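Q: Next input, structure requested:
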Amino acid sequence: MDTTSIKLTQYSHGAGCGCKISPAILDKILHSNIASVTDPNLLVGNDKRDDAAVLDLGNGTALISTTDFFMPIVDDAYDFGRIASANAISDVYAMGGKPVLAIAILGWPIDKLPPEVAQKVLEGSRAVCAEAGITLAGGHSIDCPEPVFGLSVNGVVNIPQLKQNSTATPGCKLYLTKALGVGILSTAQKRGVLLPEDAAIALKSMTTLNKLGEVFGKMDDVKAMTDVTGFGLLGHLSEMCEGSGLSAVIEFDKVAVIPSLAGYLEQKCFPGGTGRNWSSYGSKIGPLTAEQQYILADPQTSGGLLVAVAEEGAAAFEAKLQSLGHSLAPIGWLKVPGNDALITVI
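A: Numbering: from 1, shown residues only. From the prediction side, this is the model:
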């Protein structure tokens, strides 16, 4: 069956990580006054706003467990599977771990879309899992009003190499491994104005695995790490700051952005998730221009890693990246909180 004419984004009300529930509403959902039994082996759990749960296995290593799924962000089924899988696996890399196994989560509108399209989604997922060196070993599916796909992923990490988003220290320099803007480009695609060359840029970004996280896990000077997804750079940096008891300064002109964003912003191609993000945490952020807000609060799907590196180790960190074929410069730094905002953009 020819599935190329089917455009998946027409069957969903949201797209990618832009579907995420806003930080403010999520706080209400997770809030509870009911006392719970604490598992002494649970190193990272629901009490922390981190990327995955982490369980001490008792032998010096820990199990990393995460799940992530969403509605289509692209029309092509194979690419949807690739993007959703890279996004889910990223949570393991964000903890400094090595992924070892994946299980699929599939919701499919069987009265609207043929099973051959879902088959393409799974083929894309298997391709990315293979690139990560893991097996897509099974899963669960339901009949669903809109197409939904993602993975539950397990990983392992040596406990001393575990990275969290709440363990940054004053003076840390901040690095971001992918350019911002895929939320804006995805909105342009839904409106039918995205240029083919920009669609290719977005696809490459969203299907690139954050394998560098496993490398960063072995570096003592990497003090904290998270991936930038649906809450945007400012949202995930806010979680890092609040968890670590610090504030941040971002140099906007140092933040890598997809070059063509300006034209799409002129066409008001920004996702609804941007406004929801800003409503949730805008009061914590210093003054911004409209352009800065649209970019820094843009929901990212399968975004890059946000890495906090001790100031004294920054040169070695950058040299290591160079040896791996990457070139990054700091986009800001963390500091002891003062009387200014949680995050200041200069």
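Q: can I see the domain layout of this protein?
A: 8-159, 173-345 (automatic domain parsing).
Q: how long is the shortest one from one end to the other?
A: Read it as domain 8-159. Separation of the first and last residues of domain 8-159 by Cα to Cα, to the nearest Å is 41 Å.
Q: so where's the protein uncertain?
A: Along the chain, the parts satisfying pLDDT under 70 run over 1-4, 11-37.
Q: measure the residue most central in space within it to residue 273 for me?
A: Nearest to the mean C-alpha position of the chain, counting by Cα atoms, centre = their mean, stands residue 229 at 3.0 Å. Distance of residue 229 to residue 273, computed by Cβ to Cβ, to the nearest Å: 10 Å. Yep, even glycine has a C-beta here, placed from its N, CA and C like the rest.
Q: Check residue 150 too.
A: Where residue 273 is concerned, residue 150 sits at a distance of 17 Å (Cβ to Cβ).
Q: just residue 80 next, same as before
A: Using Cβ to Cβ, residue 80 is found at 18 Å from residue 273.
Q: So residue 255 is in contact with residue 233, correct?
A: Yes. Here residue 255 lies in contact with residue 233, judged by Cβ atoms under 8 Å, at a distance of 7.3 Å.
Q: anything in contact with each of those two?
A: Common contact partners of residue 255 and residue 233 (Cβ atoms under 8 Å, 6 or more residues apart in numbering): 176, 180, 296.
Q: Dump the residues you listed to CSV, plus neighbour count.
A: Output for the shared contacts of residue 255 and residue 233, formatted as CSV (neighbours: other Cβ atoms under 10 Å):
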residue, neighbour count
176, 23
180, 24
296, 24
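Q: nearest to residue 144, of those residues?
A: Of all the shared contacts of residue 255 and residue 233, residue 180 has the smallest distance to residue 144: 30.3 Å, by Cβ to Cβ.
Q: So what pairs up with the closest one in the strands?
A: Residue 180 has these beta-bridge partners by DSSP bridges: residue 257.
Q: Quick check, it in contact with residue 294.
A: No. The criterion here is Cβ under 8 Å, and residue 180 misses it with residue 294 at 10.0 Å.
Q: ok so, going back, higher neighbour count, residue 150 and residue 273?
A: For the pair residue 150 and residue 273, the greater number of neighbours falls to residue 273 (28 against 23), based on other Cβ atoms under 10 Å.
Q: For residue 73, see how far away the more buried one is.
A: On the measure of Cβ to Cβ, residue 273 and residue 73 end up 11 Å apart.
Q: what secondary structure does residue 308 sit in?
A: strand (DSSP: H, G, I helix; E, B strand; the rest coil).
Q: Touching, it and residue 172? I think so.
A: Yes. Counting by Cβ under 8 Å, residue 308 does reach residue 172; the two are 4.0 Å apart.
Q: neighbours around the nearest residue to residue 344 once chain neighbours are set aside, how many?
A: In space, and not counting its chain neighbours, residue 344 is closest to residue 286: 4.2 Å by Cβ to Cβ, 6 or more residues apart in numbering. As a burial measure, residue 286 scores 14 neighbours (other Cβ under 10 Å).
Q: so what's residue 52 up against?
A: If you count contacts by Cβ under 8 Å, 6+ apart, residue 52 has them with 44, 64, 65, 66, 91, 92, 94, 95, 97, 155.
Q: can you check residue 184 too?
A: Counting by Cβ under 8 Å, 6+ apart, residue 184 makes contact with 258, 261, 264, 265, 269, 270, 271, 294, 295, 298.
Q: make it 6 Å
A: 261, 264, 269, 270, 298 (Cβ atoms under 6 Å, 6 or more residues apart in numbering).
Q: Next, count neighbours for the second one.
A: Using other Cβ under 10 Å, residue 264 has 23 neighbouring residues.
Q: May I have the residues that are in contact with it?
A: Residue 264 touches 184, 188, counting by Cβ under 6 Å, 6+ apart.
Q: Could you give me the buried positions within the helix or strand containing it?
A: For residue 264, the element it lies in under DSSP states H and E is helix 261-266. Buried residues in helix 261-266, counted by 16 or more other Cβ atoms under 10 Å: 261, 264, 265.
Q: Repeat that for stretch 44-61.
A: Result for stretch 44-61 [16+ other Cβ under 10 Å]: buried residues 44, 49, 50, 51, 52, 53, 54, 56.
Q: now the residues you listed as CSV including distance to residue 219?
A: Converted to CSV, these look like this (distance: Cβ to Cβ, whole Å):
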residue, distance to residue 219
44, 19
49, 23
50, 19
51, 18
52, 19
53, 23
54, 18
56, 22
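Q: What is the nearest of those to residue 212?
A: Among the buried residues of stretch 44-61, and counting by Cβ to Cβ, the member closest to residue 212 is residue 51, at 14.6 Å.
Q: What segments of the stretch 51-200 of the chain are helices?
A: 77-94, 115-131, 182-190, 196-207 (DSSP state H, counting those that start in this stretch).
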